[in-house]
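**Student:** dropping the sequence and predicted coords here.
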Protein chains: 2
Amino acid sequence: MTRAFNFSAGPAAIPTEVLERAQKELLNWNNYGCSVMELGHRTPDFQGILDNTEASLRKLLKIPANYKVLFMHGSASHQFSMVPMNFLAPNETANYLEMDHWSKMCIKEAKRFNDIHVEQGVRTNSDGLLELVPEDEWKLDEKGKYLHFTSNETIVGIQFQDDPNRFAGKLVSDMCSDILSRPIDIEKYALIYAGAQKNIGPSGMTVVIVREDLFDSFQTERVPALFQYPYVSDKGSMPNTPPSFGIYFAGLVFEWLLERGGVEEMHRQNLEKANLLYDFVDQSDFYHSPVAKGSRSFMNVAIQMKDRTKEERFLAEAREQHLIALKGHKTFGGLRASIYNAMTLDGVKKLIHFMERFERG
Amino acid sequence: MTRAFNFSAGPAAIPTEVLERAQKELLNWNNYGCSVMELGHRTPDFQGILDNTEASLRKLLKIPANYKVLFMHGSASHQFSMVPMNFLAPNETANYLEMDHWSKMCIKEAKRFNDIHVEQGVRTNSDGLLELVPEDEWKLDEKGKYLHFTSNETIVGIQFQDDPNRFAGKLVSDMCSDILSRPIDIEKYALIYAGAQKNIGPSGMTVVIVREDLFDSFQTERVPALFQYPYVSDKGSMPNTPPSFGIYFAGLVFEWLLERGGVEEMHRQNLEKANLLYDFVDQSDFYHSPVAKGSRSFMNVAIQMKDRTKEERFLAEAREQHLIALKGHKTFGGLRASIYNAMTLDGVKKLIHFMERFERG
C-alpha cells in the first residue's frame, strides 16, 4: 500500500498511526464485539470515550475549568449562525474582522441576524503582498459584544501568529484550520470553534470552547434548541445522538498529539516545516509567496508560479510522485500546500525536492 | 475476532460486509493514496462518491425526479427545528401526531416557532396494550401546512405499517428508525428525514427527501443559511464541508442493500425476523409485548418480562452469549431488541434460543 503525501486543505491528512489504529479496531472496538460506530451513545463505554476525548483536549490546550468544551454536529458554518444567535439581542452589535473567503461567509451570516461592525483585517502592502492589518490600526465599535476573527485564512494562507490583545476576554475565533497547531491563551477568548476536518479528524464534528459565565446572557428566542450553547452543554454534548465516530476519532488524534509532546512540540515542528518551505520559495525566481513575512500561515502555504501556464503540469507530475492535493482554492488559484500537524517534515522535504527538480525543468 | 449480535437501538449494527470493506480501504481509498476521510470534498473523486450515494438511494426508494435528496450534517433533532422554520410563516400552523419520546421532542421544538395542532397518535387499548390511533379518528386542523408523524417510535416499538392516507402530499415524517426497512410511497410526502445511525451508517449525517416545488414557499427570515433546505439543495448538499465519511459509508450500505434485493427484500426479511420474535413472545408466559398486533414495530421489538427482577441477569447472560445492547430505553424500561436491516435472521434465532433457555431457568 502506498500512502501519498496529502497536502489537502480539508478534509486533510490524518496521522497514519491513527488511521491504522482505527482500522484495526473498526469491526471490534475494545473487544466489545462491535464497531465503535455501532455503540449506543448512552452506554458507559461511549461516555468513557467522550470523557477521555474531552480530557485530552483540555490537557493539550490547557483549557481552564470555567470553560466548557462541546463536541457538536456540523461544521464551522453552523457556528457562523450560532455565535450571533446566542450572543446578540436584536439591538446589539459585534465586531468582525474581514479577511478572505471564510470570514466573508461568516460576516454574511451574522448580518442575517444583527447590524454588525466590519473591519478590514487584511490589506495589500506596497510590495503587492497580502498582510494582516496590525491590531492597533483596527477601528472597532467598543459597544460590540465580541470581536470575531478567523485565526488562519485557509485559502490565501494568512495566519495570526499569536492571540490578539484587543478585545481580550471578548474574542470569538474561527480556528478551524489552526487549532492545535500552537498554544493558545484561552482566557483571551469568549468562544473558540473549530471544524474537525483539518487538525482533528473526519468532517462533521465541530469543537467549541466557551466561557461558561456567558451562558446566562445568551439569547434563546427563536433559537433552535440544538443551536443553544447552554442547552448542548447542559446535555453534555449529547442532546441527541452525537457524531460518535468523529468524537472517538478526535480522541485518537488527541492521544497521538499528547504522545508526541503536545501543541508546544507541534508548534515547533509546524514552524520548522513552514520555514523550510517558505525559505525555499523565497530564494526561488520560479515560485513566490503572495503573503508578506509576519502574516504567513504555517498551516496553508500558498505558492504561485511566475509562469502560471505550468501549474497543470506541476500538479500532474507531483501526483506521480505521490504528492497530492496541491491545487490552490478555485477562488485564488495557484498552488497551496496545507501542512497541518499530520504532515511530516519528510513530506515537506519531498515536496521541496520535487519543486527544485520541476524548476530545473 | 468475535462479532456480537448487536441489538442496539442506535447507533446500531452495521452490516459486517460493509465494515470489512471500509476497513480494507480505510488508509487508501481507490488507490488514491489516502483515506476517503482525507479526500477534499471539492475533488471530482468525492463528487463521484456523493453522486453514487444519491443515485443508489433514489433507486432503493424509487424517489421521483421532482424530489431533492439532501445529505445534511447532524441528526433528526436538527430537522425538528428546520421543518417548522422552513415551512411555516409566523401565523401558520401544522399538525403533529404525538406518540412517544421523539415525537414529543419534535413537538416541543415546533412550539418554539409556531402555534401547532397536536393530535394523539398512540393510545392504550382495553387490554392495556399500546396501539396506533386509526387515521380516520385523527382530528386534524385542515389549515395545517403539513402533518408531521414519526413513522416508527424506537423506544416503545410502535410502527406505522404503511404510509398514512390523510394529508397525502403534505406528510412530513421522521423516518430515522425505519427508513429503508420497507417500500415507501414517496409522493405522499412533502418531506422525509432520517438520521443515519439506524439503517444507514455512522451518526452525524441526516438524509432529507423533499419535494422541490415547495422551495418557493419556504421561509428565510432569521433562518440560518445551513437550515434553509433550498440553500443546501442549491449547493448540492455541500454549502460547507459535508460529513464526507458518513456519505461514503451510506453509499456502501446502499450498495449492500441493492445487492441483496433492495427494500422490498429487506421488508420481507424484516417481517420474517420480527414475526419470529413476536410469535415466540406471544406464546410465552414469561415474556410479553406491550404493543398490540397491527401497531408493532418490525424494527424495535420491546419485550417485557413478567418478573422484572430478572432483567439484569437476563442482560448479563445474554451478553455472555454475544447478544448485546438488549436493555430497553431508560424512560420505558424492560428489554428491547432492535432488529434493523443489518440484523440477520440468525441473530434473531440465536436471541430466541437464548430467551427459551433463560425462561426454562
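**Tutor:** Noted; the coordinates are in hand.
**Student:** for the stretch 251-361 of chain A, which residues are neighbours of chain B?
**Tutor:** A:322, A:324-325, A:330 (CB under 8 Å from any CB of the partner chain). In short, each C-beta sits where N, CA and C put it, glycine included.
**Student:** which stretches in the stretch 51-200 of chain A count as strands?
**Tutor:** A:67-73, A:95-98, A:117-120, A:122-124, A:130-132, A:147-150, A:152-153, A:158-159, A:171-174, A:189-195 (DSSP state E, counting those that start in this stretch).
**Student:** which one, of those strands, ends up nearest to B:Gly261?
**Tutor:** strand A:67-73 (32.9 Å; CB to CB).
**Student:** the closest one: which residues count as buried?
**Tutor:** Residues of strand A:67-73 classed as buried: A:67-73 (neighbour count, 16 or more other CB atoms under 10 Å in any protein chain shown).
**Student:** with just CA atoms, put it into PDB.
**Tutor:** In PDB, the C-alpha atoms belonging to strand A:67-73 read as follows (Å, rounded to 0.1, in the frame of the first residue of the first chain):
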ATOM      1  CA  TYR A  67     -14.600  27.000  30.000                       C
ATOM      2  CA  LYS A  68     -17.000  24.300  28.600                       C
ATOM      3  CA  VAL A  69     -15.800  22.000  25.900                       C
ATOM      4  CA  LEU A  70     -18.600  20.900  23.400                       C
ATOM      5  CA  PHE A  71     -18.400  18.400  20.600                       C
ATOM      6  CA  MET A  72     -21.100  19.400  18.200                       C
ATOM      7  CA  HIS A  73     -22.600  18.300  14.900                       C
END
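**Student:** quick one, helices of the stretch 151-300 of chain A?
**Tutor:** A:229-234, A:244-259, A:262-283 (DSSP state H, counting those that start in this stretch).
**Student:** determine which stretch of the ones you listed is the most buried.
**Tutor:** Comparing those by mean neighbour count (mean count of other CB atoms under 10 Å in any protein chain shown), helix A:244-259 comes out on top with a mean of 23.
**Student:** tell me the gap between the lowest-mean-pLDDT helix or strand in chain A and the middle of its chain.
**Tutor:** One helix or strand of chain A scores below all others by mean pLDDT, DSSP states H and E: helix A:101-111, with a mean of 93. Offset of helix A:101-111 from its chain centre (CA atoms, centre = their mean, to the nearest Å): 16 Å.
**Student:** same question, stretch A:175-186
**Tutor:** With CA atoms, centre = their mean, you get 7 Å for stretch A:175-186.
**Student:** with stretch A:27-42 instead?
**Tutor:** That offset, for stretch A:27-42, works out to 29 Å (CA atoms, centre = their mean).
**Student:** any residue of it touching chain B?
**Tutor:** Yes. Counting by CB under 8 Å from any CB, chain B has neighbours in stretch A:27-42: A:27-28, A:32-35, A:37-42.
**Student:** show me chain A divided up by domain.
**Tutor:** With domains defined by automatic domain parsing, chain A comprises A:17-259, A:262-360.
**Student:** can you report phi and psi for the residue lying closest to A:Phe160 once chain neighbours are set aside?
**Tutor:** Nearest non-adjacent residue to A:Phe160, counting by CB to CB, 6 or more residues apart in numbering or on different chains: A:Ser151, 5.0 Å away. Phi and psi for A:Ser151, reported as degrees, to the nearest 10, are phi -70, psi -30.
**Student:** okay, how far is it across stretch A:204-223, tip to tip?
**Tutor:** Terminal residues of stretch A:204-223 are spaced 21 Å apart (CA to CA, to the nearest Å).
**Student:** that stretch and chain B, any residue contact?
**Tutor:** Yes. Interface with chain B: stretch A:204-223 contributes A:204-205, A:222 (CB under 8 Å from any CB).
**Student:** stretch A:187-196 now?
**Tutor:** Yes. For stretch A:187-196, a contact with chain B is found by CB under 8 Å from any CB, at A:Gly195.
**Student:** about what we covered before: what are the contacting residues of the least confident helix or strand of chain A?
**Tutor:** For helix A:101-111, the surrounding residues in contact (CB atoms under 8 Å, 6 or more residues apart in numbering or on different chains) are A:76-77, A:80-81, A:83-84, A:94, A:96-98, A:116, A:118, A:121, A:148-150, A:153-155, A:174, A:176, A:329, A:331, B:224-225.
**Student:** quick one on the thing from earlier: highest neighbour count among the residues of the stretch 251-361 of chain A next to chain B?
**Tutor:** Neighbours were tallied for each of these (criterion: other CB atoms under 10 Å in any protein chain shown), and the maximum of 27 neighbours falls on A:Ala325.
**Student:** ok, and the closest non-adjacent residue to that residue?
**Tutor:** That would be A:Ser8: by CB to CB, 6+ apart, it lies 3.7 Å from A:Ala325.
**Student:** which residues touch A:Arg166?
**Tutor:** A:135-136, A:138, A:140, A:147.
**Student:** if you set the cut-off to 10 Å instead, what comes out?
**Tutor:** A:95, A:97, A:135-136, A:138, A:140, A:147, A:149, A:188 (CB atoms under 10 Å, 6 or more residues apart in numbering or on different chains).
**Student:** got a PyMOL select line for the buried ones in those residues?
**Tutor:** To isolate the buried members of the contacts of A:Arg166 in PyMOL, using 16+ other CB under 10 Å:
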select buried, chain A and resi 95+97+135+138+140+147+149+188
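**Student:** tell me the one among the contacts of A:Arg166 nearest to chain B.
**Tutor:** Of all the contacts of A:Arg166, the one with the least separation from chain B (CB to the nearest CB) is A:Phe149, at 18.9 Å.
**Student:** I'd say the closest one and A:Ile158 touch.
**Tutor:** No. A:Phe149 lies out of contact with A:Ile158 (CB atoms under 10 Å); the separation is 11.1 Å.
**Student:** okay, and the common contacts of those two?
**Tutor:** A:99, A:121, A:132.
**Student:** looking at those, which has the most residues close by?
**Tutor:** A:Met99 (26 neighbours).
**Student:** contacts only, for that one.
**Tutor:** A:106-107, A:120-122, A:130, A:132-133, A:149-153, A:155-156, A:158, A:160, A:174.
**Student:** how does it look with 8 Å?
**Tutor:** A:121-122, A:149-150, A:153, A:156, A:158.
**Student:** just the buried ones from those, in PyMOL syntax?
**Tutor:** Command for PyMOL, covering only those of the contacts of A:Met99 found buried under the criterion 16+ other CB under 10 Å:
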select buried, chain A and resi 121+122+149+150+153+156+158
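**Student:** in CSV: the contacts of A:Met99, plus pLDDT.
**Tutor:** Formatted as CSV, these follow (pLDDT from 0 to 100):
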residue, pLDDT
A:Gly121, 97
A:Val122, 97
A:Phe149, 97
A:Thr150, 96
A:Glu153, 94
A:Val156, 92
A:Ile158, 97
